[in-house]
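Enquirer: what's the 3D shape of this:
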Amino acid sequence: MRSNVLPFKLLFGVITILFVIFSKNVQAQLANFDSVKTVVSSADYDYKNPSFESSGQDLSQFTWLAYERYNGSLSDIVIRQLSFAGYSPEVVITNSTGEQNINPVVNGKFLSWQSNKNGNWDLFYSIYNGSNWSAPSTISSTSADEINPYIINNNTGPIQYSAYYLLFERAGDIFLRRYKLQSLSWDSLEINLTDSISQNCSKPRPAGFSECMVYFSKEVSPGVFKPASRKFRDYTSYVQLFPPAEYDFILRDKNYNISYGIGSYFTFSSGSPVSNVVGLIQSNYITIDTLSKRIPGSHTNGKGSLMGIVTDAAGSYYFSALGFVTRNNDSTYISLMPHYFSGYTNIVLKKKYLGNDSVKTMLDLSIPVSQGNFYKICAVWEQKINGKSALVESYMSDVIGAVANTGSSTKYELIQNYPNPFNPSTVIRYQLSVAGNVSLKVFDLLGKEVASLVNEKQIAGSYAVDFNSAEFNLPSGIYFYTLSAGEFKETRKMVLIK
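Expert: Here you go, the predicted structure:
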């Protein structure tokens with residue numbers, strides 16, 4: 001037995017060196033939301049309402065994820081940082097002694113939420129000093145309920161002009177408050193943005209900075225809602241208000257969003273009996289786009305990430321990633337698409353099955369987070385695991401400055417994984433010339449299947465799969481991965497070194 005061990009180690013070392021020297025330096029792309037993993041789950045808690053940072057940035061080295069953690073009917077606000085490498089440990093902001101803390105929203109160093117700690121719904125906040133989050137403080141505490149906060153930074157300098165804008169709902173109106181960064185305090189400004197509107201208004205969502213468009217829901221008749229907006233401009237010493245506007249769409253679902261990046265899409269659901277996700281963007285003129293028109297089913301809770309590097313020559317907006325909740329054929333899915341433009345006829349769509357059409361979930365997408373020449377966008381949603389509500393995610397990554405090819409591939413191709421050798425993760429890319437059943441499997445030296453990465457029907461195009469060996473408890477060694485698509489079949493080698 002001894003005489004066989006040394007030669008194998010020598011052989012393994014030689015092969016490893018050869019792979020390091022001769023393997024192609026293929027840029028890793030994940031042109032699809034292929035993998036799914038748990039962000040947080042527990043036998044003791046339910047986790048709900050994931051909320052990524054509402055930043056106007058279209059690329060950053062990190063961003064924030066806040067969510068609600070339930071112990072029975074009591075709930076706390078939890079926050080953690082997302083970078084390209086993953087999530088930081090949880091930071092529990094509140095310490096519930098019998099109350100609910102819900103609806104977190106975070107922007108930059110500012111976190112806000114609503115709490116019934118004082119007997120009715122009030123707004124609270126916490127500030128990040130670069131190392132820690134401050135103890136919760138009250139923003140507004142009146143006899144009326146203050147709910148549905150949303151925060152945005154005006155991104156204006158120098159510091160005497162810098163501020164966070166807080167928008168919230170009170171007694172059927174939308175209010176604006178301002179937190180000045182120079183004094184680190186709230187000023188006396190409180191403006192009712194909907195005082196000229198007789199109908200009830202709810203759920204504000206801002207788009208813009210010192211000149212900001214605030215979108216909200218207006219109840220035009222009992223139980224019937226339309227999207228509306230009002231613009232304001234901050235001159236520091238005073239705020240100029242513009243006339244409100246209404247849009248001729250009936251809201252199907254009140255879980256609408258602002259998709260930030262280069263420009264800002266106000267995404268909402270409209271239509272009956274089939275609901276579509278509709279995007280409305282306002283710059284010098286209003287552009288309205290039905291974003292889910294080519295996807296079967298009814299769609300709600302749409303959210304996207306936009307980057308300035310992925311606009312075409314005509315100035316049309318592309319989503320680096322777009323997601324929404326789909327209900328079709330008595331089933332509920334999370335629908336995710338990379339590099340999406342509604343004009344595409346051949347889209348890359350990934351669906352994550354959640355259950356029957358009665359399943360309730362909330363979805364959010366991060367801004368792109370970068371490392372070196374790569375960026376990643378994460379989609380996080382609620383999903384039941386062992387009877388408890390958990391948060392799970394899928395992600396896509398790509399090269400900064402690259403736009404994925406969403407058209408048909410000219411040939412079948414299985415590309416060498418990168419990095420190679422790897423520990424613990426590597427990316428496997430391939431191309432399909434036509435639609436069909438596709439499988440991508442990993443085998444060990446003895447030919448035993450150790451991982452099935454893809455086993456489904458896929459359309460023509462470019463794909464990439466993130467293979468994490470740790471998920472399959474694989475030891476160091478040589479492995480083979482095989483792509484099978486129709487009559488095409490190809491195998492390549494890769495080396496795992498721990």
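
Enquirer: quick check: buried residues in the helix or strand hosting Gln383?
Expert: Gln383 belongs to strand 374-385 when elements are defined using DSSP states H and E. Neighbour counts using 16 or more other Cβ atoms under 10 Å place Phe374, Tyr375, Lys376, Ile377, Cys378, Ala379, Val380, Trp381, Glu382, Gln383 of strand 374-385 among the buried residues. For the C-beta atoms, the positions are set from N, CA and C on the backbone; glycine is no exception.

Enquirer: what's the farthest-apart pair in these?
Expert: With Cβ to Cβ as the measure, no two of those lie farther apart than Phe374 and Glu382, at 27.9 Å.

Enquirer: for Gly108, which non-adjacent residue is spatially closest?
Expert: If the residues on either side of it in the chain are set aside, Gly108 comes closest to Asn153, at 5.2 Å by Cβ to Cβ, 6 or more residues apart in numbering.

Enquirer: and Ser112, what are its bridge partners?
Expert: Per DSSP bridges, the residues bridged to Ser112 are Val105, Tyr125.

Enquirer: what's around it, how many residues?
Expert: Here the neighbour count serves as a burial measure; for Ser112 (other Cβ atoms under 10 Å) it reads 25.

Enquirer: same check, this time on Gly297
Expert: Other residues within reach of Gly297 by the criterion other Cβ under 10 Å amount to 20.

Enquirer: contacting residues around it?
Expert: Contacts of Gly297 were listed using Cβ atoms under 8 Å, 6 or more residues apart in numbering, and they are Val274, Thr326, Arg327, Asn328, Asn329, Tyr333.

Enquirer: can you rerun that using 6 Å?
Expert: Thr326, Arg327, Asn328 (Cβ atoms under 6 Å, 6 or more residues apart in numbering).

Enquirer: for the closest residue in space to the last one that isn't next to it in sequence, give me the pLDDT.
Expert: Just to be clear, that refers to Asn328. Of all residues not flanking Asn328 in the chain, Gly297 sits nearest, at 2.9 Å (Cβ to Cβ, 6+ apart). According to the model's per-residue confidence, Gly297 sits at a pLDDT of 92.

Enquirer: for the stretch 101-250 of the chain, which residues score under the pLDDT cut-off?
Expert: Counting by pLDDT under 70, the ranges of the stretch 101-250 of the chain that qualify are 208-210.

Enquirer: please, where are all the strands along it?
Expert: Remark: strands assigned in the stretch 101-250 of the chain by DSSP state E, counting those that start in this stretch are 101-107, 110-115, 122-127, 137-140, 146-153, 163-170, 173-180, 185-192, 201-208, 211-221, 224-234, 239-241, 245-246.

Enquirer: turn the ones you listed into CSV, including distance to Val427.
Expert: Formatted as CSV, the strands of the stretch 101-250 of the chain follow (distance: least, Cβ to Cβ, whole Å):
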stretch, distance to Val427
strand 101-107, 30
strand 110-115, 34
strand 122-127, 37
strand 137-140, 44
strand 146-153, 34
strand 163-170, 38
strand 173-180, 42
strand 185-192, 47
strand 201-208, 34
strand 211-221, 38
strand 224-234, 40
strand 239-241, 48
strand 245-246, 45
